[in-house]
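**Q** this one's structure only:
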């Protein structure tokens, strides 16, 4: 055959598809066997290669369309396509269906290919077969659109890596066809160099997989849901009328009185299910889930080319042979290796526009993902129907959390208003602000700082009372009980959703999903087995041959082969380097966080010393507020930066561990990310709450850092005000910048970059740009779904801000509520408009996040007990009121908490440079501590008052912790996890299901009895006419009876 002739031959049924399948034929790939009649046939099928016919029935002649065009058989390609279909895009609803307009696209695979830049010149593609297929009929080169050959007699330059990917795609797609899926390719798109494979699951595949996955589907049986009666019914009707304006206008959200009985789908019991409309029986979410399960378990075990020569080629061959034995190389591995660049289900359609057909996505956008409906309830059932149970549970949990913040916010506002109302009646702050007391305080730093009046800290003392008052103790107890009530309320809400979404009895399916190995784990096991096999071969090569006992040598070889074929797994020895790296990495990151906090402490001390020598009186009076505010802003910036860094590090540390399943990977990632981000967010707050001012020393014997910086001390009013400033700025800053600004700004920026790239590409390819984009092209430009871990993480950190230090900031629930109202709509808009549609995942709870929430709730009780007793002045005030007060009031409390110091006892070089700054000579200065006066025998020693206050503080911690813990456990016990009506409905469903099967069995028995009676009558009639016929028919009847009994 000449080089420029058309290579026309038949592919044998057992041959591989060859590289032509990935070339851009623009929808037309096959011609009939009779070439002469080809131009006259208008019924030529489009994308026939990916039909669901078995491979054995295909005897297809392949021809290069461009080659025929060059010699005059066929006209221009676009003319040919137009003759096949006048408006194919409108017929397939712009990518939602196959070209025939009937089969729905359930899933999309995306890959990159290299387009030819030589236009319509005739090209050749050298087809290299696998070693196992080299002696087939495909030894001849196939013409087609592929690598350009413009090198004369020299060997063509080929991209082995790209060709290997192409071969893997061909094998994988042919395996998908064998699994029953129907495929259609599209490379004639607006996106340059990107091809799409559309996947459709026919009815029989959906039924088969639904039975394998034990999907609960609604049956024909409908029963009535128990309704409230009497007074409760009237109350519910009143509540429904009141809340009607804030209910979303979707059918799924309306209260239902009837419910279909659900049962795991079975092909043998299809008569139980309502199959009147097979197209809508499995919704798009379920169809994509089924296809994804097939994609995960369908294997691709071969690779066409080795990437090297010599020893490298031998190792690659061994790798491929082992991979064939391993047999697990599904879609996750293909995505990781770049064979496919993306895989995703399609959105239901456009969400905005005047002529857009109404779909679930548009309905979600209008009733859920819009800021204008922030006051409405979420259509959780519609969210679950579109995105699946796992995402539906996240938004349901977020909605319950936001609702529960409403009473917490109201109580927090009341506590704050109580502090505002009683600030003028607070005797300790009044004494501090009274200039007639003339209390002279010791210097805040050495040399440069001078003595100062306590009245200059009046504003700080008055502000401290807003958050440090008796009501904050009540609020701490309330928030501990609120956290327990929230957890119980969520468990009940979760059970209601499980009942409505037919997720009861889901544990078996979860175990099946949990045991599915990850692609990275399989690759690591494969690498381990290859190393083991290589060492075994090297050992056998160096051992001398035993010529004396050949039988023994043969047994050893056989036994070694048996051991090598055993299923390998990763042990703790294999993972020890990763575990050690994790331990060292986490310790280093925690140490880095502590180092940064320590650096901020140095900044605070040095800045306070610098501001203390300021020439302006206002600068000196506002030293603490200025230093605290600027230091907190620095902490905020560092926290936001380290949050992103720690997220990436946690993922990397989890990846090197190589967890076996996706569930294990997610749980380990969550644990590491939460640990690092928890330490990062709360370390500065813990320092101010529990360490600042505890290790200061006293005048004349201060504790120094680096022999020059004195440890900073709390203000006379206590450190609670600084804790409030620290907590509020970090919490509000994280919510404003990290949660909202990043979530809005970064997606908009990425979208703008993609728009600029598409504009630049459209200027290069104007013809492609003029075509309307298909649905899968539009979805390809969206961001891939990265999981729910970031969404949960920011809410869990916020939950910590709301509960852990709520005694110092009663307004935290209010700011969290305002943030969450925006956060719900922001996340909803992101899921509907900015992200590709995620694969629906079934789940009956929120997983490990519930345990984290319970842990934070328990920890909050302990932390608030210590904040009230050690950070605030609540306990010292009680001790003074009941032990030291002369008239039963708080008069004299400030003087009681201050100790005296003789200025002559300053260490050399630490006394103020300007001791007369106040206008008079100071002999005695005061400082906040419980110590003996300088005229005492044990001057400057800790006094008995200190031990009395410490004992009261520890007693309060023990009593508060145990009391609140008991009350929380009592709330857990008194509120049942499963609502009574839901447990009754679940029991009713079981009874009804038993009744359905009993009726079915009774019907079968009646039919069998009727059939037996008819057969007996026939036999009796036959016996009356012919004894011989009677004997033969009685034998057949007995065999028939035995057959039915077996069935």
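**A** Received it, and whenever you're ready, just let me know what you need. Being a predicted model, the structure only gives us computed values, none of them experimental.
**Q** contacts and neighbour counts: CA atoms only from here.
**A** OK.
**Q** for residue 397, what are its contacts?
**A** When the contact criterion is Cα atoms under 8 Å, 6 or more residues apart in numbering, the partners of residue 397 are residue 490.
**Q** and residue 254, how far is that from residue 389?
**A** When Cα to Cα, to the nearest Å is applied, the distance between residue 254 and residue 389 equals 19 Å.
**Q** between the two, tell me which one has more neighbours.
**A** For residue 254 and residue 389, the more surrounded residue by other Cα atoms under 10 Å is residue 389, and the numbers stand at 24 against 12.
**Q** gap between the closest residue to the more buried one other than its chain neighbours and residue 827?
**A** In space, and not counting its chain neighbours, residue 389 is closest to residue 842: 5.0 Å by Cα to Cα, 6 or more residues apart in numbering. According to Cα to Cα, residue 842 and residue 827 sit 20 Å apart.
**Q** who's more crowded, those two?
**A** Between residue 842 and residue 827, residue 842 has the larger neighbour count (other Cα under 10 Å), namely 21 against 18.
**Q** check for me that the more buried one belongs to a strand.
**A** No: the assignment for residue 842 (DSSP: H, G, I helix; E, B strand; the rest coil) gives coil, which keeps it out of a strand.
**Q** I'd say it and residue 385 touch.
**A** No: using Cα atoms under 8 Å, residue 842 makes no contact with residue 385, being 11.2 Å away.
**Q** what about the strands in the stretch 201-350 of the chain?
**A** With DSSP state E, counting those that start in this stretch as the definition, the stretch 201-350 of the chain shows strands at residue ranges 216-224, 258-264, 342-344.
**Q** so what strands line up beside the shortest one?
**A** Here strand 342-344 is paired, per DSSP bridges, with strand 107-112 (antiparallel).
**Q** can you tell me what sits against the strand it pairs with?
**A** With Cα under 8 Å, 6+ apart as the test, strand 107-112 has contacts from 193-200, 288, 291-292, 339-346, 776.
**Q** so residue 185, which state does it fall into?
**A** Strictly by three-state DSSP, residue 185 counts as strand.
**Q** I should have written residue 886 there, sorry.
**A** Counting by three-state DSSP, the backbone at residue 886 sits in coil.
**Q** and it, how many neighbours?
**A** Residue 886 is flanked by 12 other residues according to other Cα under 10 Å.
**Q** please pull out the lowest mean pLDDT helix or strand from the chain.
**A** Considering only helices and strands, the least confidently modelled element of the chain by mean pLDDT, DSSP states H and E is strand 142-143, at a mean of 29.
**Q** and the angle from whichever helix or strand comes after that one to strand 107-112?
**A** Downstream of strand 142-143, the next assigned helix or strand under DSSP states H and E is helix 160-178. In this structure, helix 160-178 runs at an angle of 160 degrees to strand 107-112, with axes from the mean of the first three to the mean of the last three Cα atoms, to 10 degrees as the basis.
**Q** ok now helix 160-178, how far from the chain's centre?
**A** The chain centroid and the centroid of helix 160-178 are separated by 31 Å, computed with Cα atoms, centre = their mean, to the nearest Å.
**Q** what segments of the stretch 351-500 of the chain are strands?
**A** Using DSSP E, counting those that start in this stretch, strands in the stretch 351-500 of the chain cover 440-441, 452-453.
**Q** any idea which of these scores lowest on pLDDT?
**A** Within the strands of the stretch 351-500 of the chain, the least confident segment by mean pLDDT turns out to be strand 452-453, at a mean of 83.
**Q** quick check, central residue of this structure?
**A** Nearest to the mean C-alpha position of the chain, by Cα atoms, centre = their mean, lies residue 788 at 2.0 Å.
**Q** that one and residue 795, how far apart?
**A** Using Cα to Cα, residue 788 is found at 11 Å from residue 795.
**Q** over to residue 921?
**A** As judged by Cα to Cα, residue 921 and residue 795 stand 56 Å apart.
**Q** burial measure for the residue nearest to residue 879 when sequence neighbours are not counted, as a count.
**A** Among residues not flanking residue 879 along the chain, residue 949 sits closest, at 6.5 Å (Cα to Cα, 6+ apart). By other Cα under 10 Å, 20 other residues sit near residue 949.
**Q** report the contact partners of residue 949.
**A** For residue 949, the contacting residues are 875, 876, 879, taking Cα under 8 Å, 6+ apart as the criterion.
**Q** would TSV of those with secondary structure and distance to residue 1019 be doable?
**A** Supplementary listing: the contacts of residue 949 in TSV, determined by DSSP: H, G, I helix; E, B strand; the rest coil; distance: Cα to Cα, whole Å:
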residue	secondary structure	distance to residue 1019
875	helix	100
876	helix	104
879	helix	105
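**Q** does the nearest residue to residue 606 once chain neighbours are set aside have beta-bridge partners, and which?
**A** By the measure of Cα to Cα, 6+ apart, the closest residue to residue 606 outside its immediate chain neighbours is residue 709, 7.3 Å from it. Counting by DSSP bridges, residue 709 forms beta bridges with residue 705.
**Q** and stretch 237-250, what's buried?
**A** Neighbour-count burial for stretch 237-250 flags 247, 248, 249 (criterion: 16 or more other Cα atoms under 10 Å).
**Q** repeat for stretch 980-993
**A** In terms of neighbour count (16+ other Cα under 10 Å), stretch 980-993 has its buried residues at 982, 988, 989, 992, 993.
**Q** centre of the chain to whichever strand or helix holds the second one, how far?
**A** Right, residue 988. Here residue 988 is covered by helix 980-1025, with elements defined by DSSP H and E. In terms of Cα atoms, centre = their mean, the gap separating the centre of helix 980-1025 from the centre of its chain is 48 Å.
**Q** follow-up on the earlier one: any of the contacts of strand 107-112 buried? List them.
**A** 194-200, 288, 291-292, 339-340, 342-346, 776.
**Q** I'd say residue 844 and residue 503 touch.
**A** Yes: Residue 844 is within contact range of residue 503, at 6.2 Å (criterion: Cα under 8 Å).
**Q** quick one: buried residues of stretch 1002-1015?
**A** Quick answer for stretch 1002-1015: no buried residues (16+ other Cα under 10 Å).
**Q** hmm, I was thinking of stretch 648-660
**A** For stretch 648-660, a neighbour-count test (16+ other Cα under 10 Å) marks 649, 650, 651, 653, 654, 655, 657, 658, 659, 660 as buried.
**Q** looking at the residues you listed, which are in strands?
**A** Judged by DSSP state E, strands contain none of the buried residues of stretch 648-660.
**Q** and residue 804, how many neighbours?
**A** Taking other Cα under 10 Å as the definition, residue 804 ends up with a neighbour count of 25.
**Q** oh, and call the first residue 417 from now on, that's how I've got it
**A** Happy to do that; since the first residue is 417 now, the last one works out to residue 1220.
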